[in-house]
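A.B. asks: fold the following, please.
(chains A and B)
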Amino acid sequence: MTTSLAQPVAGPAVEITVARDLARRAVPLAPVAIGLCAMFWGLHGALSSAYALVLVVANFVLAAALMTWAARISLAVMLGTVLAGYIVRLAVLTLAVLAVRRAGWVELVPLGLTLAVAHLTLLVWEARHVSASLAFPGLKPKG
Amino acid sequence: MSVALELFAQQGADPTAGLTAIGRGIVYGAAAIGPGIGIGIVVGNAITAMARQPEAAGMVRTTMFLGIAFTEALALFGFVLSFIVSG
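C.D. replies: Sure thing, here's the model as predicted:
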């Protein structure tokens, strides 16, 4: 059976579930990242790291929300929304960093490092969980 | 170029500030092109898969979401690099 590009996508909103999982996994990651940054850059490093973690989670949640909204309309809208959403999210991220760049509490190095490393760490963690769930649905990993 | 530098010198302005901003824009822009193409490929193939096999949409959407996020990490590296290197 095939479906038209103008029809909505069937099934539950899995993106929201994945984004919620990513946000949940960011909670145990936060003390580690903030602690490491505090060790090397002090209080400003810790604050910058916390801000970066908030940005990473917000980026995931925004992406999931956009995709879920578009999937309810049609496949074609989903395609356009994901591509436009990429540009929009990068712009929002850039503005969010530019807005605080000159602030006294911001250290750019821990902010940038946390942004990149937390993004990848959360994804690898979630991908491990998702791949195991898809391959062995009866043996979902707990972590 | 030399005329521009002379003008900067006369006005007491720092020419490297503008050049840094231009360089930062080039780095970020170049870093965003590759992931943009990658995300297009990921989504295009996912849409084809969902159109052909709607019953597998849940699995395809999950994989697509993670694929997009992994691809986007490359753009984030460019973004971070442009800020960290230029200071």
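A.B. asks: what is the burial count for the residue of chain A found nearest chain B?
C.D. replies: Nearest residue of chain A to chain B: residue A:112, at 3.6 Å (C-beta to the nearest C-beta). Just so you know, the C-beta spots here come from the backbone N, C-alpha and C atoms, and that holds for glycine as well. The local packing of residue A:112 (other C-beta atoms under 10 Å in any protein chain shown) involves 22 other residues.
A.B. asks: any idea which element it lies in?
C.D. replies: Assigned by DSSP states H and E, residue A:112 belongs to helix A:108-135.
A.B. asks: you'd agree residue B:24 is up against residue B:83?
C.D. replies: Yes: taking C-beta atoms under 8 Å as the definition, residue B:24 is a contact partner of residue B:83 at 7.4 Å.
A.B. asks: so if I had to pick from these two, which one is more boxed in?
C.D. replies: Neighbour count, other C-beta under 10 Å: between residue B:24 and residue B:83, residue B:83 has more, with 21 against 16.
A.B. asks: helices or strands up against the helix holding residue A:112?
C.D. replies: Under the contact criterion of 3 or more C-beta pairs under 8 Å, 6 or more residues apart in numbering or on different chains; DSSP states H and E, helix A:108-135 touches helix A:14-71, helix B:57-86.
A.B. asks: so for residue A:78, which of those sits nearest?
C.D. replies: Residue A:78 lies closest to helix A:14-71 among the helices and strands packed on helix A:108-135, at 4.2 Å (C-beta to C-beta).
A.B. asks: centroid residue for chain A?
C.D. replies: Here the mean C-alpha position of chain A is nearest to the C-alpha of residue A:60 (C-alpha atoms, centre = their mean), at a distance of 2.6 Å.
A.B. asks: contact residues of chain B facing chain A?
C.D. replies: Counting by C-beta under 8 Å from any C-beta of the partner chain, the residues of chain B close to chain A are B:28, B:32, B:35-36, B:39-40, B:43-44, B:47, B:50-55, B:57-59, B:61-63, B:65-66, B:68-70, B:72-73, B:75-77, B:79-81, B:83-84, B:87.
A.B. asks: which of these are buried?
C.D. replies: Neighbour counting with 16 or more other C-beta atoms under 10 Å in any protein chain shown marks B:28, B:32, B:35-36, B:39, B:43, B:47, B:50-51, B:54, B:57-59, B:61-63, B:65-66, B:68-70, B:72, B:75-77, B:79-81, B:83 as buried within the residues of chain B next to chain A.
A.B. asks: who's in contact with the residue of chain A closest to chain B?
C.D. replies: A:52, B:79-81, B:83-84 (C-beta atoms under 8 Å, 6 or more residues apart in numbering or on different chains).
A.B. asks: again, but for residue A:78
C.D. replies: Contact partners of residue A:78, counting by C-beta under 8 Å, 6+ apart, are A:9, A:67, A:70-71, B:43, B:47.
A.B. asks: one more: residue A:70?
C.D. replies: Shown in contact with residue A:70 (C-beta under 8 Å, 6+ apart): A:77-78, A:80-82.
A.B. asks: only whichever of those are buried, select them in PyMOL.
C.D. replies: Selection command for PyMOL covering only the buried members of these, criterion 16+ other C-beta under 10 Å:
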select buried, chain A and resi 77+78+81+82
